[in-house]
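when you get a sec, could you give me coordinates for this:
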Amino acid sequence: MNKEKSIVLIGFMGVGKTTVSKLLAEKLNRQFIDIDEEIEKEFKLPIPEIFQKFGEKTFRKREKELIYSMAEQHGKIISVGGGAFLQEDIKNICLSTCTVIFLTISFENWKDRLRLIQDSRPVLHGKTIKEMEELFNQRQAIYADHHVKITVDHKNPEEVVAEILQKVD
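Have a look, this model is predicted:
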């Protein structure tokens, strides 16, 4: 791995990108940037409210601008929202300037995390389990382009980070 390149973690919502990113940043002594948190700070609102008041388009535009500026910098650990790679431009800039790590989970294990994440994810509001599974499956295709893939099923964050360090070194 290029020690200078920033590392971007991608994957479906609730897979553990933020938790793993924070731990990875600690281990590598790098700055951690959570794109969603940065947007919430700017708007002074939680993401569900940003979606409600300003719409997904406004959110996605700001997400893209922030990711572009962060991806150009070196030595960062960047956690992007589950839908960021829906934008081809974001995917391309991350793949060309950063090391992209895809955290993946089985739908069965993801369902076990649902009650922890459902309220804070506007994309899930009002969806049935079947609709969530369809979204989960659709999104897998957008994560297909990456440098490293890590399966998080039955692993704690420390184990996931250890595997990342092993694979990217």
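
may I see the buried residues of the lengthiest helix in the chain?
The single longest helix within the chain, with elements called by DSSP state H, is helix 56-71. For helix 56-71, burial by neighbour count (16 or more other Cβ atoms under 10 Å) applies to 59-60, 62-64, 66-67, 70-71. (Glycine included, C-beta is placed from N, CA and C.)

stretch 27-36 now?
Neighbour counts over stretch 27-36 (16+ other Cβ under 10 Å) mark 28, 30, 32-36 as buried.

which of the residues you listed lies closest to residue 16?
Each of the buried residues of stretch 27-36 was checked against residue 16 using Cβ to Cβ; the closest is residue 34, at 12.5 Å.

the closest residue to residue 106 other than its chain neighbours in helix, strand or coil?
Distances taken as Cβ to Cβ, 6 or more residues apart in numbering place residue 153 nearest to residue 106, at 5.4 Å, with adjacent residues excluded. Classification of residue 153 by DSSP: H, G, I helix; E, B strand; the rest coil places it in coil.

from what I can see residue 153 touches residue 107, true?
No: the pair residue 153 / residue 107 is not scored as a contact, 10.4 Å apart, by Cβ atoms under 8 Å.

got the contact list for the longest helix of the chain?
Helix 56-71 is contacted from outside by 6, 8, 33, 35-36, 38-39, 42, 47, 50-51, 76, 78, 80-81, 83-84, 86-87, 89-90, 93-94, 97-98, using Cβ atoms under 8 Å, 6 or more residues apart in numbering.

quick one: strands adjacent to the strand of greatest length in the chain?
Scanning the chain for the strand with the most residues, using DSSP state E, yields strand 98-104. Next to strand 98-104 in the sheet, as set by DSSP bridges, lie strand 6-10 (parallel), strand 148-151 (parallel).

got the angle for it vs helix 56-71?
Here the directions of strand 98-104 and helix 56-71 differ by 130 degrees (axes from the mean of the first three to the mean of the last three Cα atoms, to 10 degrees).

pLDDT (mean, whole number) over strand 98-104?
Across strand 98-104, the average pLDDT comes to 96.

can you list contacts of the very next helix or strand once past it?
Counting by DSSP states H and E, the element after strand 98-104 in chain order, helix or strand, is helix 107-117. Residues outside helix 107-117 that contact it (Cβ under 8 Å, 6+ apart) are 12-15, 124, 129, 132-133, 136-137, 152-154.
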